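Q: model the structure of this input:
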Amino acid sequence: MARYKTIDTSPKFLPVVLSEQLLPGTFEHALNHLLDHELDLRSLDSRFSNDATGAPAYPPALLLKVILFAYSRGIVGSRGIEAACRENVVFMALSGDSAPHFTTVAGFIRELGEEITNVFTQVLFICDAQGLIGREMFAIDGVKLPSNASKAKSGTRAEFRHELGKMQRQVKKMLARHRQADDQAKEPGLAGKQTRRIEKLQQDAAQMRQWLADNPEDKRGAKNKVIKSNRTDNDSAKMATSKGVIQGYTGVAAVDNQCQVIVEAQAHGTGSEQALLIPVVQAMTDLIEQNSTVTADAGYHSEDNLEELAERNIDALIADNGMRTRDERFAEQDKHKAKPDALWDKTPGKKKTRLFGPKDFHHDEEAKVCICPAGEFLYHNGSKVVIKGKEAVKFTGAKRVCGTCELRDQCLRHPERTPVRQVVFFTGTNQRPQSHTQKMKRRIDSEQGRRRYAQRFATVEPVFGNIRHNKQLNRFTLRTRKKVDTQWKLYCLVHNIEKLAHHGYAQ
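A: Prediction:
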């Protein structure tokens, strides 16, 4: 029988050279070199005032090392980071065998604020110096993630006042029942349960009254429309996703297509992506060159956004909602959609009757006459009519003819209430200049436009896959937009430093 050496995993006291644990070519080696030799972190010194008195503080570089390395390993909580610094040899090497308390780690992340933008920018300059940014195409996209906020505590001020009234009425009823039952025999412990329930309702009501006092106006979104506030984190928003409605933030990233480096990262508490395009483009203006192209999906498409990009002379390819319906490559995409249920009804549905269109009518431009599919003449009802900027002629049927026609069901969408059929033939050219949306449709439907736009998906989606799956960012753990934006930039920093490590930085 074969004999094997015993594998002993019991605790041992071993001599360990901490610096030797950071192997060249790894993320932790690049991170350690970057923060020790390349980045200027003097702006973080302003938070300390212990030059003459007070205990020594942990260096910001040390805290950034352990936080970024923890995020790269899917460790988000400050308690988990503290434990890793005590138990994991790589964390020990990065922190110099010092284990910062979890409150120190949490406070450092919470107070970073705008200072993280400076760090992100410096890492971006290093990526550029290493030749990782091509500036040929930038793909902008976002991911919606839940936040550290309760979706149940969302509503308008009117809804909160209504809920507050219900709580107060419920407390009064419970107190009344409690007084009535004082002299009666009751189940042991019941009075205590009722008392705790009343106290909880009173506490919730007091918190809601305080929130209404602190927020005298409703939260408003686009076009000054009232949107739901959130009593846990009012900067977050309700967002519709493929997995239902969440209370969270949208993390937006602009990615360069050469090496998938994130050149701009922002987090916003809104589900409307249209409002996020221009702020991201403004932040990356210095990187956009004359031959650069900005791409984004249909969520960022709007006439105002396209007009703004045109005024800035920025070449862009922004898809619209109907792009795939115009692309013959997606002509059969419906057959690949998942069936709604395993026992879905396989009987063919009733097909809608095709209605007669202008092509089914005979139009003689010289004689200025129009004959319907039933062989009847239609009245000339207007010439040189401008519809949507195009010149056209109109014809209409007679009531005595259309009213008794056997083809009404094929000619009219609502034959029971529509008396006659009208038909329009466009004869002239567009009388007004093309909109930016029309120009974009023509560009993106061209062969070159389709080829360039197809690069967008392969550029930005792997970045979100890396951050969400590999780094396990399933939700934001902080509250308020400023802190969530800091956490999002930290994760994007991890991604960019990984790119530096994979391309041989600091070896």
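
Q: ranges for the strands of the stretch 251-400 of the chain?
A: Taking DSSP state E, counting those that start in this stretch, the strands of the stretch 251-400 of the chain run over residues 262-268, 293-296, 315-318, 362-364, 369-371, 377-387, 390-396.

Q: check these for me: which has the lowest mean pLDDT.
A: Among those, strand 377-387 carries the lowest mean pLDDT, a mean of 84.

Q: restricting to C-alpha, output that strand in PDB.
A: Taking C-alpha atoms only, strand 377-387 is exported to PDB below (Å, rounded to 0.1, in the frame of the first residue of the first chain):
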ATOM      1  CA  PHE A 377     -62.900  57.200 -55.700                       C
ATOM      2  CA  LEU A 378     -61.800  59.200 -52.700                       C
ATOM      3  CA  TYR A 379     -62.200  62.900 -52.400                       C
ATOM      4  CA  HIS A 380     -59.200  65.200 -52.600                       C
ATOM      5  CA  ASN A 381     -58.900  66.600 -49.000                       C
ATOM      6  CA  GLY A 382     -55.800  68.800 -49.100                       C
ATOM      7  CA  SER A 383     -52.600  69.400 -51.100                       C
ATOM      8  CA  LYS A 384     -49.200  70.600 -49.900                       C
ATOM      9  CA  VAL A 385     -50.100  69.600 -46.400                       C
ATOM     10  CA  VAL A 386     -47.000  69.500 -44.100                       C
ATOM     11  CA  ILE A 387     -47.000  66.500 -41.700                       C
END
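
Q: okay, now the sheet partners of it, with direction.
A: strand 369-371 (antiparallel), strand 390-396 (antiparallel) (DSSP bridges).

Q: list of residues touching the first one?
A: Just to be clear, that refers to strand 369-371. By CB atoms under 8 Å, 6 or more residues apart in numbering, the surrounding residues in contact with strand 369-371 are 361, 362, 363, 364, 377, 378, 380, 395, 423, 425. Placement of C-beta: from N, CA and C, glycine included.

Q: so what secondary structure elements neighbour the helix or strand where residue 61 lies?
A: In the assignment (DSSP states H and E), residue 61 maps to helix 60-72. Where contact means 3 or more CB pairs under 8 Å, 6 or more residues apart in numbering; DSSP states H and E, helix 60-72 is packed against helix 27-33, helix 78-87, helix 89-95, helix 102-110, helix 481-502.

Q: so which of these comes closest to residue 212?
A: helix 481-502 (21.6 Å; CB to CB).

Q: now find how far off-centre that closest one is within its chain.
A: 16 Å (CA atoms, centre = their mean, to the nearest Å).

Q: adding distance to residue 219 and mean neighbour count, write the strands paired with strand 377-387 out as a markdown table.
A: Output for these, formatted as a markdown table (distance: least, CB to CB, whole Å; neighbours: other CB atoms under 10 Å):
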| stretch | distance to residue 219 | mean neighbour count |
| --- | --- | --- |
| strand 369-371 | 55 | 17 |
| strand 390-396 | 42 | 18 |
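
Q: out of the ones you listed, nearest to residue 3?
A: strand 390-396 (89.5 Å).

Q: report all helices and strands that the helix or strand residue 465 falls within contacts.
A: Taking DSSP H and E as the criterion, residue 465 maps to helix 447-465. In terms of contacts (3+ CB pairs under 8 Å, 6+ apart), helix 447-465 is packed against strand 137-146, strand 244-256, strand 293-296, strand 315-318, helix 436-445.

Q: repeat the analysis, applying 6 Å as the threshold.
A: strand 137-146, strand 244-256 (3 or more CB pairs under 6 Å, 6 or more residues apart in numbering; DSSP states H and E).
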